[in-house]
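[1] 3D model of this:
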Amino acid sequence: MSKEGAPPVMNRKNILIVDRDKNFMQELREAFQPYGGAYQVAFASSIAKAREILSRFTVHAVLANVQLSGESGIELLLHVRRWHADTHMVLYTDELTEELKRSAYHSGAAAVIAHPFRIEDLLRLLTRIFAKDSGSSFLESIHLADLLQLIGMGNHSTDVVVANAGGKQRGIIRIRKGNMIEAEAAQKRGVEAVTEMLSWANPAIRTCRAASGIAAPAKPVPLRDVLMQAVAKLDEGKALQPSEED
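    Presented below is the predicted three-dimensional model:
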């Protein structure tokens, strides 16, 4: 029988906890141990370390202190919502105010809770958050280029999250009304990032609700133009590769 609040083992979730309090992180490490079959927990003491982990691994939820000794959990929240659209963000603080809650929710936080909290309450919160994942679309049979073409033709607004085989490389394409406003993958941006994602063999693709609070550039580029440029760059790169006969 599973622990209260824990998801099924087959849906094991990766949780990243960001805090500078080593004693508190040790308490959380011990609190999560009975739920090891449902949750895998990692820790970071700074925003820089958290961003590094997010860029290298699949993280389903980030749990971060708002006060990070000179840094702010809100800053990390903005990074997560911008570049890791399918990662949930939960903030906690011992100075919870209505103003902070409004700011955090407006910036895309899944929840803002008071600290200290009980592990049982946190587990129930995570279960509710992950239960909402069914609202996004997971695509297995369509090629990324075909999906982008359809989105561009329909002038849709969405965030497209792409994961390479094994989930070791991840990318995101933000589209608003058929225009690409951002793209990032493998430390590349724009057309170069889209080219990179198109080169991945059999990636996992997920479309998510367009994140709010992200301003479009002054001159948005139609997605169809971005796609044409990326495909051309991809073909050019293939042409430059040595053939097996060389």
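[2] Spell out for me which residue occupies the centre of this structure.
    residue 84 (2.1 Å; CA atoms, centre = their mean).
[3] got a list of what that residue touches?
    Listed by CB atoms under 8 Å, 6 or more residues apart in numbering, the contact set of residue 84 reads 54, 59, 161, 170, 172. Yep, even glycine has a C-beta here, placed from its N, CA and C like the rest.
[4] Can you list phi and psi of it for me?
    phi -140, psi 70 (degrees, to the nearest 10).
[5] In strands, which of the contacts of residue 84 fall?
    161, 170, 172 (DSSP state E).
[6] Tell me the most packed of those residues, by neighbour count.
    The most crowded member of the ones in strands among the contacts of residue 84, judged by other CB atoms under 10 Å, is residue 170 (25 neighbours).
[7] I figured residue 188 hits residue 196, correct?
    Yes - shown here, residue 188 and residue 196 form a contact pair, counting by CB atoms under 8 Å, at 5.2 Å.
[8] These two: which has the busier surroundings?
    Ranked by neighbour count (other CB under 10 Å), residue 188 and residue 196 place residue 196 first, with 23 against 15.
[9] got the residue ranges for the strands in the protein?
    So, for the chain - with DSSP E - the strands run 13-18, 39-44, 61-65, 88-93, 111-114, 137-139, 158-163, 170-176, 179-185, 188-189, 204-208, 221-222.
[10] I'd like to know which of these is closest to residue 233.
    strand 188-189 (10.9 Å; CB to CB).
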